[in-house]
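# Predicted model and sequence below, questions to follow.
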Amino acid sequence: MTTEPIIQMKNIEKHFGSVIALAGVSLDVIPGECHCLLGDNGAGKSTFIKTMSGVHQPTKGEIFFEGKPMHFDDPRDAIAAGIATVHQHLAMIPLMSVSRNFFMGNEPIKKRFGVPFFDHELADRVTMDAMREMGINLRGPDQAVGTLSGGERQTVAISRAVHFGAKVLILDEPTSALGVRQTSNVLATVDKVRKQGIAVVLITHNVRHALAVGDRFTVLNRGQTLGTAKRGEISPDELQDMMAGGQELAELEGSLGGTV
Amino acid sequence: MSESTQATPAKDERVKEISGFRQALIRPELGGIVGAVAVFVFFLLFAFDSGMFNAQGVMNWSVVSAQFMIIAVGACLLMIAGEFDLSVGSMIGFTGMMIAIFSVTLGWPVWMAIIVTFAIALAIGALNGFIVIRTGLPSFIVTLAFLFILRGFTIYLPQTLERKTIIGGVKDVAEGDWLAAIFGGKILGGLFQWLGDAGIIGVFERGTRAGEPVVDGIPMLIVWAIILVIVGHIILTKTRFGNWIYAAGGDAEAARNSGVPVSRVKIMMFMFTAFCATVFATCQVMEFGSAGADRGLLKEFEAIIAVVIGGALLTGGYGSVIGAALGALIFGVVQQGLFFAGVESSLFRVFLGIILLGAVILNTYIRRMITGER
């Protein structure tokens, strides 16, 4: 799929005082593709996506959104433009029902005698449909989010973002705290979202997760990008080495007798 | 992956079917319902002959319960929004005193005194909320400060102006005032007269009121309580704003990320709590015809206890207005019932402590069932 990139980040630099967190990172995000952003802890992944989602303003560099130069003052601007971020700490409230969570901040309204009421019927129906589409079987729309597993909560958060018109979905380490089965569920969700023509930016430090769904891979190391590779152009070992920033890992691997 | 999107996924074999009975148990009102039934059964068995369940007796505990309900509704919504207000009792004393000072000492028309007092109370509620939001301090501490500030003024102002701590004579100045009647009047007088004439309820046998029914109408206090409970329940469960109240108390940060105006919601709930306290105070001043500097003492805790018995979590994000109303009913019935049953009234406090503890333990258990925590 070769479409125009929806977001282009060009030579983004971000300095925090005397610390250079990002030293000229470039990246294109294309609709219908999953762009994996890899890097070890401290590589600048989080700073980079926060720049993309309007939390930080770049010190230098340009951001183009749908071909036009864009400046986000705060995350609300980015959300309004269609850039949704699903954080590690989810925007989900465990004590509230799935349907109340799904529509939190975007409650559907039904007028009765001129008084605006929360349209629970519509909310419940839409929630059940959206969850079924993502392969989650709810006991009912009034089931509390607290009863869902970590993977299911990620999926609720993702399908919520999609339902409310996200064009770009940024997932910050969605699989870092999940088990094998849940991870594959979340990655399957990412696949479904991508097929709907939404651009996905997936942050991870797990090469295997990235290779499972990624179309493009960008590796960050110490605030710099080590290039973007397309699917099929790069092997898992190469990616792993790039993330570690050298050969030590390969040697370590030998002594451990397996992949990390 | 494609077939799993098409076919409805099979039931998860690890999710146990929850029986309808158990599901019915997982609701905030459970403690309130069980408690209310238990309390009524108890007093029907042990105090039936005491006059607790004739017209006068019913009116007696209904009025006390309605008082608790009015402040419990405010405290309930505020607690679900994740905050406390310890200044409710002082607010009752303060606003009652303001009405008396404006109308009696300053000679304003009573309707104006009431409206200005409501405006002051709402402003203080907003200030409480604003300080909590701005400083990020626990509302516990901020409103504790207002507990003392307001109580201090409630004692200082009448002493300075009138050299006494009780200002009376409100009844005389409120005579015929349209707004005072909304707080101090009674409705359905005709119905009760008819009930008395028909012999369904008792009538006075002798004295100046001979022939009049022993209960001559429903006090506006009870009407206010019912209206506040219904409106509070509808706002909480059936509106967008209600969803925001739950969200603000459940996890303020997550709610903000989703676009919920958390600060506005919390400040409005502080104002609503102040509003409820002022309704209570106005009804009380109109009924007694006076305002005293010691009115409303400990009411903040009684409101919080009623709310907790009603199933709300102290940590916010979960609760029910109906539950809080039932908590208030339990409160009123027991307080008056012990009197009817001839039990030493100090034991009421023992009872209170025990049901509070029981309610909190039950709530924690219900929360675990909902969230699946262990």
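That came through, no problem. Residues are numbered from 1 along each chain as shown, chains lettered A, B, ... in the order given.
# low-scoring stretches of the stretch 101-250 of chain B, by residue?
In the predicted model, the stretch 101-250 of chain B carries pLDDT under 70 at residues B:206.
# residue boundaries of the helices in it?
Shown for the stretch 101-250 of chain B, the helices assigned by DSSP state H, counting those that start in this stretch span residues B:110-135, B:139-162, B:170-174, B:178-184, B:189-197, B:220-238, B:240-250.
# tell me the most buried of the ones you listed?
Stretch with highest mean neighbour count among the helices of the stretch 101-250 of chain B: helix B:240-250 (a mean of 26; mean count of other Cβ atoms under 10 Å in any protein chain shown). In this view, the C-beta of every residue, glycine as well, is placed from N, C-alpha and C.
# what residues does that helix touch?
The contact list for helix B:240-250 (Cβ atoms under 8 Å, 6 or more residues apart in numbering or on different chains) reads A:93-96, A:100, A:103-105, A:107, A:109, A:116, A:118, B:77, B:79-83, B:235-236, B:254-255, B:258, B:260-262, B:265-266, B:269, B:315-318.
# sorry, back to before: right, and the helices of the stretch 101-250 of chain B - which one's nearest residue A:169?
helix B:240-250 (22.0 Å; Cβ to Cβ).
# if we can go back for a sec, now distance to residue A:164 too, for the helices of the stretch 101-250 of chain B, in TSV please.
Output for the helices of the stretch 101-250 of chain B, formatted as TSV (distance: least, Cβ to Cβ, whole Å):
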stretch	distance to residue A:164
helix B:110-135	27
helix B:139-162	32
helix B:170-174	53
helix B:178-184	44
helix B:189-197	53
helix B:220-238	22
helix B:240-250	15
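# Residue A:243 is nearest to which of those?
helix B:240-250 (37.2 Å).
# what about residue B:279, distance to chain A?
Applying Cβ to the nearest Cβ, to the nearest Å, the value for residue B:279 to chain A is 22 Å.
# Same question for residue B:268.
Per Cβ to the nearest Cβ, residue B:268 is found 16 Å from chain A.
# burial of the residue of the stretch 1-150 of chain A found nearest chain B, as a residue count?
Closest residue of the stretch 1-150 of chain A to chain B, Cβ to the nearest Cβ: residue A:146 (2.9 Å). Counted with other Cβ atoms under 10 Å in any protein chain shown, residues neighbouring residue A:146 total 20.
# And for residue A:143?
19.
# still on that earlier bit, quick one: pLDDT of the residue of the stretch 1-150 of chain A closest to chain B?
pLDDT recorded at residue A:146 is 83.
# The residue nearest to the spatial centre of chain A in helix, strand or coil?
In chain A, the residue lying closest to the centroid (Cα atoms, centre = their mean) is residue A:171, at 1.5 Å. Under DSSP: H, G, I helix; E, B strand; the rest coil, the three-state class of residue A:171 is strand.
# ok, now how distant is it from residue A:194?
As for residue A:171, its distance to residue A:194 is 11 Å (criterion: Cβ to Cβ, to the nearest Å).
# what sits in contact with each of the two?
The contact sets of residue A:171 and residue A:194 overlap at residue A:200 (Cβ under 8 Å, 6+ apart).
# thinking again about what came up before, who is the residue nearest to the centre of chain A paired with across the strands?
residue A:86, residue A:202 (DSSP bridges).
# what's it in contact with, if anything?
Contacts for residue A:171 (Cβ under 8 Å, 6+ apart) come out as A:85-86, A:154, A:158, A:190, A:200-203.
# Now list the buried members of the residues you listed.
A:85-86, A:154, A:158, A:190, A:200-203 (16 or more other Cβ atoms under 10 Å in any protein chain shown).
# and the closest residue to residue A:166 other than its chain neighbours, what is it in contact with?
Sequence neighbours aside, residue A:84 is the residue nearest to residue A:166 in space, at 3.7 Å (criterion: Cβ to Cβ, 6 or more residues apart in numbering or on different chains). Applying Cβ under 8 Å, 6+ apart to residue A:84 gives the contacts A:161, A:164, A:166, A:168-170.
# Also residue B:53?
Neighbouring residues of residue B:53 by Cβ under 8 Å, 6+ apart: residue B:44.
# Now with 10 Å, please.
Shown in contact with residue B:53 (Cβ atoms under 10 Å, 6 or more residues apart in numbering or on different chains): B:40, B:43-44, B:47, B:61, B:337, B:340.
# mind checking the longest helix of chain A?
The single longest helix within chain A, with elements called by DSSP state H, is helix A:180-195.
# how about stretch B:362-370, does it reach chain A?
Yes: Stretch B:362-370 lies within reach of chain A by Cβ under 10 Å from any Cβ of the partner chain, at B:367-370.
# Closest one of the buried ones among the contacts of residue A:171 to residue B:29?
Using Cβ to Cβ, the buried ones among the contacts of residue A:171 come closest to residue B:29 at residue A:154, 32.5 Å.
# what does the average pLDDT come to for the helix or strand containing the closest one?
If you go by DSSP states H and E, residue A:154 is part of helix A:150-163. Averaging pLDDT along helix A:150-163 gives 85.
# same thing with stretch B:353-371?
Rounded mean pLDDT across stretch B:353-371 is 82.
# Same question for stretch A:181-198.
Here the average pLDDT along stretch A:181-198 is 86.
# ok, now stretch A:106-120?
Rounded mean pLDDT across stretch A:106-120 is 87.
# And it, end to end?
12 Å (Cα to Cα, to the nearest Å).
# Buried ones in the host helix or strand of residue B:45, by neighbour count?
Element membership for residue B:45, per DSSP H and E: helix B:30-46. Across helix B:30-46, burial judged by 16+ other Cβ under 10 Å covers B:30-32, B:35-36, B:39, B:43.
# CSV please, covering these and showing distance to residue B:166 and pLDDT.
Listed next are the buried residues of helix B:30-46 as CSV, based on distance: Cβ to Cβ, whole Å; pLDDT from 0 to 100:
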residue, distance to residue B:166, pLDDT
B:30, 42, 79
B:31, 38, 78
B:32, 36, 84
B:35, 36, 85
B:36, 35, 89
B:39, 34, 87
B:43, 34, 88
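# Looking at those, spot the one nearest chain A.
residue B:30 (15.4 Å).
# My understanding was that the closest one contacts residue B:366; is that so?
Yes: under the criterion of Cβ atoms under 10 Å, residue B:30 makes contact with residue B:366 at 6.7 Å.
# Which neighbours do these two have in common?
Common neighbours of residue B:30 and residue B:366, using Cβ under 10 Å, 6+ apart, are residue B:311.
# Which residue, other than its chain neighbours, is closest to residue B:168?
Using Cβ to Cβ, 6+ apart, the closest residue to residue B:168 is residue B:290 (3.9 Å).
# got a list of what that neighbour touches?
Residue B:290 neighbours (Cβ under 10 Å, 6+ apart): B:96-97, B:100, B:104, B:166-171, B:284.
# ok so, going back, for residue A:43, which of the helices of the stretch 101-250 of chain B is the nearest?
Comparing the helices of the stretch 101-250 of chain B by Cβ to Cβ, helix B:240-250 comes nearest, at 33.7 Å.
# And residue B:315, how far from residue B:80?
Look at residue B:315 and residue B:80: by Cβ to Cβ, they are 10 Å apart.
# Now stretch A:128-138: buried residues?
A:128, A:130-131, A:134-136, A:138.
# Switch those over to a markdown table; also include secondary structure and distance to residue A:235.
Formatted as a markdown table, these follow (DSSP: H, G, I helix; E, B strand; the rest coil; distance: Cβ to Cβ, whole Å):
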| residue | secondary structure | distance to residue A:235 |
| --- | --- | --- |
| A:128 | helix | 42 |
| A:130 | helix | 37 |
| A:131 | helix | 37 |
| A:134 | coil | 31 |
| A:135 | coil | 31 |
| A:136 | coil | 34 |
| A:138 | coil | 40 |
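# Spell out which residues of the stretch 51-200 of chain B are next to chain A.
Residues of the stretch 51-200 of chain B lying near chain A (Cβ under 10 Å from any Cβ): residue B:80.
# Looking at the stretch 51-200 of chain B, which residue is nearest chain A?
Counting by Cβ to the nearest Cβ, the stretch 51-200 of chain B gets nearest chain A through residue B:80, at 9.9 Å.
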